[in-house]
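In: give me coordinates for this.
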Amino acid sequence: MAIDYYREARNYETLMRRAFNCERGKRYGANQDLFLELFEVDKMKQFRGAFTVYDRHFLKIKLNLEKALIKLKKRKRYYNSYYHFTPLLLRLHHATKPQHLIKIINISLSKIIRLENQLKRK
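Out: Numbering: from 1, shown residues only. Below you'll find the predicted structure:
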């Protein structure tokens with residue numbers, strides 16, 4: 001199963017923009033190019049072996065996601081947001097591949113959409 005890197009990068013940017021309520025830019029890491037670079041560097045790592053640029057880039061994205069999940073966890077308008085986003089933080093700490101990050105991003109976005117739909121119904 002091939003991964004659509006552009007779709008996953010857009011999902012990353014969407015998550016960061018919703019978490020921080022910001023426009024596209026590098027301030028909060030809300031830029032899909034940042035996530036696309038991770039996949040490009042990952043391909044280079046597969047050919048060259050150990051690669052410190054990949055490790056730094058992966059850590060940068062992981063830290064951005066951690067900040068976003070902490071922000072979402074503390075959001076008061078979502079009912080029980082702590083219980084929704086804390087397990088994702090735990091999964092994030094054990095993530096070692098970009099595919100793990102993709103799963104966390106997709107689950108987070110679906111939770112945000114579900115919680116916002118609950119708010120609209122009330």
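
In: how much space between Leu119 and Ile112?
Out: Between Leu119 and Ile112 the computed distance is 11 Å (CB to CB, to the nearest Å). Where you see a C-beta, it was placed from the backbone N, CA and C, and this is true even at glycine.

In: the more surrounded of those two?
Out: Neighbour totals were compared for Leu119 and Ile112, and Ile112 leads with 20 against 10 (other CB atoms under 10 Å).

In: excluding sequence neighbours, find me the nearest residue to the more buried one.
Out: Of all residues not flanking Ile112 in the chain, Arg18 sits nearest, at 5.7 Å (CB to CB, 6 or more residues apart in numbering).

In: same deal with Leu65?
Out: With sequence-adjacent residues excluded and distances taken as CB to CB, 6+ apart, Leu65 is closest to Leu92, at 5.9 Å.

In: wait, that neighbour sits on Asn64?
Out: No - assessed by CB atoms under 8 Å, Leu92 is found out of contact with Asn64, at 10.6 Å.

In: hang on, isn't Ala9 packed against Gln32?
Out: Yes - the criterion here is CB under 8 Å, and Ala9 meets it with Gln32 at 3.8 Å.

In: and the helices in the protein, which stretches?
Out: Counting by DSSP state H, the segments of the chain that form helices are 5-20, 32-48, 52-73, 81-93, 98-121.

In: deepest of the ones you listed, which one?
Out: When you average the neighbours per residue for each of these (mean count of other CB atoms under 10 Å), helix 5-20 leads with a mean of 19.

In: so what touches it?
Out: The contact list for helix 5-20, computed with CB atoms under 8 Å, 6 or more residues apart in numbering, reads 22-24, 28-36, 39, 61, 64-65, 67-69, 71-72, 101-102, 105-106, 108-109, 112.

In: alpha carbons only: can I get that helix in PDB?
Out: Provided in PDB are the C-alpha atoms of helix 5-20 (Å, rounded to 0.1, in the frame of the first residue of the first chain):
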ATOM      1  CA  TYR A   5       2.800  11.800   1.000                       C
ATOM      2  CA  TYR A   6       1.100  15.000  -0.100                       C
ATOM      3  CA  ARG A   7      -2.200  14.000   1.600                       C
ATOM      4  CA  GLU A   8      -0.400  13.100   4.800                       C
ATOM      5  CA  ALA A   9       1.500  16.400   4.700                       C
ATOM      6  CA  ARG A  10      -1.800  18.300   4.300                       C
ATOM      7  CA  ASN A  11      -3.200  16.400   7.200                       C
ATOM      8  CA  TYR A  12      -0.200  17.400   9.300                       C
ATOM      9  CA  GLU A  13      -0.600  21.000   8.400                       C
ATOM     10  CA  THR A  14      -4.400  20.900   9.100                       C
ATOM     11  CA  LEU A  15      -3.800  19.400  12.500                       C
ATOM     12  CA  MET A  16      -1.200  22.100  13.400                       C
ATOM     13  CA  ARG A  17      -3.400  24.900  12.200                       C
ATOM     14  CA  ARG A  18      -6.400  23.600  14.200                       C
ATOM     15  CA  ALA A  19      -4.400  23.000  17.300                       C
ATOM     16  CA  PHE A  20      -2.800  26.400  17.400                       C
END
